[in-house]
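Student: dropping the sequence and predicted coords here.
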Amino acid sequence: MAFDNKESKITSTSTINGTSGEEQVQEVVKRYIHAEFSGDWRMIGPFLSGEALGEARNNLTRKNVGRKLLTANVTDTQILSPVIAIVTADITSEIQDDPVYTDRFCIRYSLLKEAGSWLIYKAETVEMDRHYLSPGPLPVGASRILNEYFSMPYEQKKHQETKYLAGEALPALRTAAEGLYRRNLPEITSKGFEVIKIESLGVAEQYCIAKVIYRGGNQNFTDTAIVDMVNVAGQWKIIRFVIFKRDISEERGN
């Protein structure tokens with residue numbers, strides 16, 4: 001289910017009548033997402049309760065950059081009982097930071113029906129579901145991003161992360177990089193890497209998985225990484241990668 005991001009009016013959740021349970025909770029989530037991106041607490045508050053209400057208040061206080069909703073799609077709806085539901089939405093947004101960048105992520109909303117209205121009581125970021133993939137070459141843009149990102153030394157990765165990363169990869173790799181810098185580990189080096197091979201493991205319309213083999217760095221290691229990518233507003237970005245294998249050269253340090 002796709003949303004039109006030109007929603008002009010936010011109304012009470014109790015006014016959604018004559019629709020199925022799935023349609024009702026999807027409509028509540030749709031209206032809430034538009035309200036959240038508006039940044040107007042008067043429109044956000046009526047959709048929330050409990051933990052989600054407290055987090056929304058904190059987020060509005062902390063945010064100092066603008067956000068623009070580009071697309072939002074419901075990817076899963078579960079009616080667990082007549083009064084409990086879970087809705088997952090795939091959201092693409094533009095972050096008006098310096099520089100401006102796009103992000104794509106999934107949020108799982110837990111809802112409770114109380115006094116005739118569905119209220120969101122928990123909202124949490126979750127991993128994007130892997131798509132069913134077919135054999136085939138990687139999109140040209142995806143291959144280019146992989147080659148650029150895995151060739152760069154750590155210092156450059158740290159300062160260009162929003163160009164190459166999205167979703168769960170963005171906060172995860174920020175945290176990992178900060179840890180490396182704090183401990184001054186030998187991985188932190190100006191020496192770059194050589195991408196040896198990029199292999200497609202499967203592709204879908206907006207999703208692909210690749211195997212990337214690269215070597216170099218201060219420790220002269222060779223890594224094999226499994227990398228998930230997604231199309232974010234026309235640009236391929238990395239949303240997940242895992243080191244499958246690491247080989248350390250005997251010439252380490254040279």
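Tutor: Good, I have the coordinates.

Student: now residue 21. Nearest residue, chain neighbours left out?
Tutor: residue 79 (4.9 Å; Cβ to Cβ, 6 or more residues apart in numbering). The way it works is simple: take the backbone N, C-alpha and C, and place the C-beta from them, glycine included.

Student: how close does the one you found sit to residue 87?
Tutor: To residue 87, residue 79 is 10 Å away according to Cβ to Cβ, to the nearest Å.

Student: how about residue 95?
Tutor: Applying Cβ to Cβ, the value for residue 95 to residue 87 is 23 Å.

Student: pull up the overlap in contacts between residue 79 and residue 87.
Tutor: residue 25 (Cβ atoms under 8 Å, 6 or more residues apart in numbering).

Student: neighbour-wise, which of those two wins?
Tutor: Comparing residue 79 with residue 87 by other Cβ atoms under 10 Å, the one with more neighbours is residue 87, at 27 against 16.

Student: who's that one bridged to?
Tutor: Listed beta-bridge partners, residue 87: residue 77, residue 109 (assigned using DSSP bridges).

Student: confidence score at it?
Tutor: Note on residue 87: pLDDT of 96.

Student: which secondary element of this structure has the worst mean pLDDT?
Tutor: When each helix and strand of the chain is scored by mean pLDDT, DSSP states H and E, helix 169-183 comes last, with a mean of 64.

Student: what's downstream of that helix, the next helix or strand?
Tutor: Downstream of helix 169-183, the first helix or strand assigned by DSSP states H and E is strand 193-203.

Student: which strands and helices lie in contact with that next one?
Tutor: In terms of contacts (3 or more Cβ pairs under 8 Å, 6 or more residues apart in numbering; DSSP states H and E), strand 193-203 is packed against helix 140-151, strand 207-216.

Student: whichever strand or helix holds residue 157 - what's its average pLDDT?
Tutor: Following DSSP H and E, the helix or strand that holds residue 157 is helix 154-159. When pLDDT is averaged over helix 154-159, the result is 76.

Student: please apply the same query to stretch 24-41.
Tutor: On average, stretch 24-41 scores 88.

Student: just give me how far the strand or helix carrying the residue nearest to residue 21 sits from the chain centre.
Tutor: Following DSSP H and E, one finds residue 79 within strand 66-81. Here the centre of strand 66-81 is set off from its chain's centre by 13 Å, with Cα atoms, centre = their mean, to the nearest Å.

Student: in that strand, what counts as buried?
Tutor: For strand 66-81, burial by neighbour count (16 or more other Cβ atoms under 10 Å) applies to 67, 69, 70, 72, 74, 77, 79.

Student: same for it, what does it pack against?
Tutor: helix 21-38, strand 84-96.

Student: and the shortest one, how far from the chain's centre?
Tutor: Taking Cα atoms, centre = their mean, the mean C-alpha location of strand 84-96 is offset from the chain mean by 9 Å.

Student: what's the angle from that strand to helix 21-38?
Tutor: Our comparison of strand 84-96 with helix 21-38, counting by axes from the mean of the first three to the mean of the last three Cα atoms, to 10 degrees, yields an angle of 30 degrees.

Student: now strand 84-96: buried residues?
Tutor: By 16+ other Cβ under 10 Å, the buried positions in strand 84-96 come out as 85, 87, 88, 89, 90, 91, 92, 93, 94.

Student: what of the first one?
Tutor: The neighbour-count criterion (16+ other Cβ under 10 Å) identifies 24-37 as the buried residues of helix 21-38.
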